[in-house]
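Enquirer: Show me the folded form of this:
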Amino acid sequence: MLTNKGKYGLKAMVHLAGLDPGALAQVSDIAESNSISKKFLDHILTELRHAGLVYSKKGKGGGYALARSAHEIQVSAIVRALDGPLAPIPCASMTAFRPCDDCADLSTCPVRLIMTEARNAIANVLDNCTLAELYAMPKSEKLIAGIRDHKSNVGREPRPRRAALPNQR
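Expert: Residues are numbered from 1 along each chain as shown. Presented below is the predicted three-dimensional model:
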C-alpha cells in the first residue's frame, strides 16, 4: 500500500514537473498547493534529494527542482525511494528479496505466487509511467479513469491465475 509519504512525494514531484525550466519551488509553496505539512514535506524532499530525484539550492531565491527531466523519471523510482520495494512481502520482491522462515518451497508457495503477481502488476504500471506522463494527466481524466476501471470490474469473475516462476519479477 502506498503510504502518505509516497503519495505526498508523488504530489510534490508532479508540482516540480510543472515548473518552468530553471525555476525553483519553495517548500512552503509546494506544501500549500498540495495540502501537505511543511515539516513532513521537508523530510520527503530530503529523501528524494538523497535518491537523486531532486536538487535543492539554499539561500535567497533557493528551493527545489527536478534533478533530471520529468521524461527520465519513472513513477516507480519515486515510490521506491520513499516507500521501499513494490512487493507486498519480501519473498516477492525483486530489489529486497528475502525468503520467509516458514516457507518450505518458494516455487510452490501460493501466498508468494499471488504476491509476486500483485508485485508484477504494480511494477508494470509504475515502471512504464514517467513523471512527465503523470503530470500530463488532467485531474478529471485521472478520476474518471479510476471510476471507469473500478466499475468495469464490479461483478466480474476474477480472471484465471497464471503460474509465476520463482525468479520472475
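
Enquirer: Quick check: Gly59 vs Glu47, distance?
Expert: Distance of Gly59 to Glu47, given as C-beta to C-beta, to the nearest Å: 22 Å. Quick note: C-beta positions are derived from backbone N, CA and C, even for glycine.

Enquirer: how much space between Ala77 and Ala123?
Expert: Taken as C-beta to C-beta, the span from Ala77 to Ala123 is 12 Å.

Enquirer: May I see the buried residues of the lengthiest helix in the chain?
Expert: In the chain, taking DSSP state H as the definition, the longest helix is helix 110-127. For helix 110-127, a neighbour-count test (16 or more other C-beta atoms under 10 Å) marks Arg112, Leu113, Met115, Thr116, Glu117, Arg119, Asn120, Ile122, Ala123, Leu126, Asp127 as buried.

Enquirer: Tell me how many other residues crowd the closest residue to Ile122 other than its chain neighbours.
Expert: Nearest residue to Ile122, sequence neighbours excluded (C-beta to C-beta, 6 or more residues apart in numbering): Leu86, at 5.0 Å. Residues near Leu86, counting by other C-beta atoms under 10 Å, number 24.

Enquirer: Spit out the contact partners of Leu86.
Expert: Residues near Leu86 by C-beta atoms under 8 Å, 6 or more residues apart in numbering: Ser76, Val79, Arg80, Ser93, Arg119, Ile122, Ala123, Leu126.

Enquirer: and the two most separated of the residues you listed?
Expert: Using C-beta to C-beta, the two most remote members of these are Ser93 and Leu126, lying 14.1 Å apart.

Enquirer: in the chain, which spans are helices?
Expert: 4-17, 27-34, 38-50, 75-83, 110-127, 131-136, 139-153.

Enquirer: got a markdown table for the ones you listed, with distance to Leu66 and mean pLDDT too?
Expert: A markdown table is the format used below for the helices of the chain (distance: least, C-beta to C-beta, whole Å; pLDDT from 0 to 100):
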| stretch | distance to Leu66 | mean pLDDT |
| --- | --- | --- |
| helix 4-17 | 5 | 96 |
| helix 27-34 | 12 | 95 |
| helix 38-50 | 9 | 97 |
| helix 75-83 | 11 | 96 |
| helix 110-127 | 18 | 91 |
| helix 131-136 | 8 | 93 |
| helix 139-153 | 20 | 52 |
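
Enquirer: Having no further points to raise, I will conclude here.
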